[in-house]
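*Asks:* 3D model of this:
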Amino acid sequence: MLDLLKIRRELHQIPEPSFHEWETQKTICSYLDQLHGIQYQTFDFPGILVTYKVNEGTYKLFRADMDGLPFNEETNCGFESKNQGWMHACGHDIHMTVLLGLIEKVTSEKPKQNLLFLFQPAEEGHGGALRILDSGILDAYQITEVYALHVSADLPVGTVSSKPGIIFAIPQEYSLRIYGQSAHAAFPQQGKDALMAGVQVYSMMQQSVKKLFSPVEPVIFHVGHLEAGRVCNAIADSCLLEGTHRTLTRKNHQKLNELLEKTVAHVTSLYDMTYDLNFTSSYDPVLNNDELYGRLKRKVNEVGYQFIEAEISMTGEDFGFFTSRYSGVLFWLGTGIHPTGLHSSQFLPDEKSIEPGVQIMFSLI
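*Replies:* Model (predicted):
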């Protein structure tokens, strides 16, 4: 039998950037080689597709993401990341371990259902799911259902949470650089203060979002990184703002993009500045199929775990590209209450959640 706790700790120590998960792929393949009754293939980018075929019928697909995040780990867990500056701060090590455990259980129990298991690269802002789908790799299979889980820092081990319809929002990342003109701080009239313009863009966007969007449908506009200037006594000649916005509908997603474009154009024209605005990665919303959601809820109770109705999360997840194409369900897997939450240098999901994850996933076959 595979030692899932050992595997989780091994994967936890080797987090890698999106589309560079080569060591992770090698490690997973070494465990797949120990299992019988499956076949797997790799691609010209990191990722593994495992096939379990018993007839000429349809397939169900189960997916786990592989990439890490750029954090210096501060968990003191004893199996910290060996890759300086990178960490599994979003639980992808748990996701991959659950999927390996599911594959092993399938090879042992031998269900009469064709199955695909996808270890997917680049979920964290680089759209690995879309690259998988656009590559045509899955086109050879008649896929009827897709499933994924995500660790939760807000639920105890043994608890699952999900909801029908939209569960994760539409994220949009952006990068804005405003170009001004440097001058001595004592003679501000000789310069063009790019930092002042950047702050004004941020302030105007926050005010506009509150005014224009209904509180019934939540909308988030966020600047996570602002960088400007070189020295304390000079006017900043450029200002970089990087951030994200989150909506639940394509209509509001486009409306918010247009609002940002208009706001930036207005502010920079006031001060005779130029700018570069780039909209980078964006995902589809994760949409849970009503029927499959109902089945998940029943199965969780049948295998002896607790089910809680979820609220819509403004989190983004590229599994949304799968649920746009196939009927699917994503659910939160309780991994213990953690005060810092996901995307933290101190986040460490409880490995006791692995077994419930395997059992619940297997029940969906």
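
*Asks:* quick one: Met87 and Gln13 touch, right?
*Replies:* No - if you go by C-beta atoms under 8 Å, Met87 and Gln13 don't touch, sitting 9.9 Å apart. For every residue, glycine as well, the C-beta is placed using N, CA and C.

*Asks:* quick one, which of those two is more surrounded?
*Replies:* Shown here are Met87 and Gln13; by other C-beta atoms under 10 Å, Met87 has more neighbours (27 against 19).

*Asks:* Torsion angles phi and psi at the most centrally placed residue in the chain?
*Replies:* Geometric centre of the chain, nearest residue: Glu317, 3.9 Å, by C-alpha atoms, centre = their mean. Per-residue torsions, Glu317: phi -150, psi 130 (degrees, to the nearest 10).

*Asks:* And for Gln254?
*Replies:* Dihedral angles of Gln254 (phi, psi; degrees, to the nearest 10) stand at phi -70, psi -40.

*Asks:* what sits in contact with each of Met87 and Gln13?
*Replies:* In terms of C-beta atoms under 8 Å, 6 or more residues apart in numbering, Met87 and Gln13 are both contacted by the residues Ser81.

*Asks:* Would you enumerate the residues in contact with Arg250?
*Replies:* For Arg250, the contact set (C-beta under 8 Å, 6+ apart) comprises Ile170.

*Asks:* go on, Glu56?
*Replies:* Contacts for Glu56 (C-beta under 8 Å, 6+ apart) come out as none.

*Asks:* if I've got this straight, it is in a helix?
*Replies:* No - if the criterion is DSSP: H, G, I helix; E, B strand; the rest coil, then Glu56 is coil and not within a helix.

*Asks:* I'd guess His225 is in a helix, am I close?
*Replies:* No - counting by three-state DSSP, one finds His225 to be strand, located in no helix.

*Asks:* Leu2 contacts Gly101, doesn't it?
*Replies:* Yes - Leu2 is within contact range of Gly101, at 6.9 Å (criterion: C-beta under 8 Å).

*Asks:* Looking at the two, which one has more neighbours?
*Replies:* Between Leu2 and Gly101, counted using other C-beta under 10 Å, the more crowded position is Gly101 (22 against 16).

*Asks:* in which helix or strand would I find that one?
*Replies:* According to DSSP states H and E, Gly101 maps onto helix 92-109.

*Asks:* Show the subsequent helix or strand relative to that helix.
*Replies:* Following helix 92-109 toward the C-terminus (DSSP H and E): strand 114-120.

*Asks:* partner strands of that following strand, parallel or antiparallel?
*Replies:* Strand 114-120 has its sheet partners listed here by DSSP bridges as strand 48-52 (antiparallel), strand 59-65 (parallel).

*Asks:* How far away from the center of its chain is it?
*Replies:* Relative to the mean C-alpha coordinate of its chain, strand 114-120 is positioned 18 Å out (C-alpha atoms, centre = their mean, to the nearest Å).

*Asks:* Who's the closest spatial neighbour of Thr51, skipping the chain neighbours?
*Replies:* For Thr51, ignoring the flanking residues on the chain, the nearest one in space by C-beta to C-beta, 6 or more residues apart in numbering is Gln39 at 4.9 Å.

*Asks:* which ones are touching the one you found?
*Replies:* With contacts defined as C-beta under 8 Å, 6+ apart, Gln39 is in contact with Val50, Thr51, Lys53.

*Asks:* what's across from the residue nearest to the last one when sequence neighbours are not counted in the sheet?
*Replies:* Okay, so that is Lys53. Spatial nearest neighbour of Lys53, chain neighbours left out: Asn114 (5.2 Å); criterion: C-beta to C-beta, 6+ apart. Taking DSSP bridges as the rule, Asn114 bridges to Tyr59.
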